[in-house]
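Novice: fold the following for me, if possible:
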Amino acid sequence: MSTLMLDAEALYKELLRGVQQLRAGNDARLVGITSGGAWLAERLQKDLGLPGSAGVISSAMHRDDFSRRGLAAAAQQTQLDFDVNGTHVILLDDVLYTGRTIRAVLNELFDYGRPASVRLAVLVDRGGRELPVQADHAAARVTLPAAQQLALARDEAGRFSFKVEGA
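Specialist: Numbering: from 1, shown residues only. Below you'll find the model as predicted:
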């Protein structure tokens, strides 16, 4: 069995390039999905020289498995300090897998208003979709067994790495 090695910092540079292309021609707002996507949005906001802070959105209240998972006490809640109505939004996430988190986040986003458009950019698309969700930009596409989890980690200096957990 081979070990998956992903350079999260190299993938971040590819994500930065992709988000620049997605923003071309409009003033799209960056919104990161808690927690890995929020970390990405925060760093992208700074690296792109955008004013203010990136939005943060939580999927917790719209999860179809909420009764099983509950609400994590440490989970960051939605913070959108802009009017969603008519705004172009770029959703950011670390790993796209089944599509269920994106479905939940879209429901949360529409609770705040009706955006002009929503695009999705992810660091890693690992396949395994259960819903018809596709990223507009993925820095990498990998295949992992269903029993494995891929999670973004961030050190004190703000550098990214990946953790692969499970069998």
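
Novice: C-terminal to the helix or strand bottoming out on mean pLDDT in the chain, which secondary structure element comes first?
Specialist: Per-element confidence for the chain was summarised using mean pLDDT, DSSP states H and E. The lowest value among helices and strands belongs to helix 66-69, with a mean of 50. Next along the chain after helix 66-69, taking DSSP states H and E as the criterion, comes strand 88-96.

Novice: that next one packs against which elements?
Specialist: Under the contact criterion of 3 or more C-beta pairs under 8 Å, 6 or more residues apart in numbering; DSSP states H and E, strand 88-96 touches helix 8-23, strand 29-33, helix 36-47, helix 100-111, strand 117-125, strand 149-154. To be clear about C-beta, it is placed using only N, CA and C from the backbone, and glycine gets the same treatment.

Novice: now do 7 Å
Specialist: helix 8-23, strand 29-33, helix 36-47, helix 100-111, strand 117-125 (3 or more C-beta pairs under 7 Å, 6 or more residues apart in numbering; DSSP states H and E).

Novice: and the third one, what's buried?
Specialist: To tie it back to what came earlier, the one meant is helix 36-47. Using 16 or more other C-beta atoms under 10 Å as the test for burial, helix 36-47 gives 36-45.

Novice: identify the residues contacting the residue lying closest to residue 54 once chain neighbours are set aside.
Specialist: Residue nearest to residue 54 in three dimensions, not counting chain neighbours: residue 41, with 3.6 Å by C-beta to C-beta, 6 or more residues apart in numbering. Contacts were defined as C-beta atoms under 7 Å, 6 or more residues apart in numbering; by that measure residue 41 touches 30-32, 54, 92.

Novice: okay if I get the residues you listed as JSON lines plus distance to residue 6, neighbour count and pLDDT?
Specialist: Below are the contacts of residue 41 laid out as JSON lines (distance: C-beta to C-beta, whole Å; neighbours: other C-beta atoms under 10 Å; pLDDT from 0 to 100):
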{"residue": "30", "distance to residue 6": "22", "neighbour count": "27", "pLDDT": "98"}
{"residue": "31", "distance to residue 6": "24", "neighbour count": "27", "pLDDT": "98"}
{"residue": "32", "distance to residue 6": "19", "neighbour count": "25", "pLDDT": "98"}
{"residue": "54", "distance to residue 6": "23", "neighbour count": "25", "pLDDT": "97"}
{"residue": "92", "distance to residue 6": "17", "neighbour count": "30", "pLDDT": "98"}
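
Novice: show me which pair in the residues you listed is furthest apart.
Specialist: The largest separation in the contacts of residue 41, counting by C-beta to C-beta, is between 54 and 92 at 7.9 Å.
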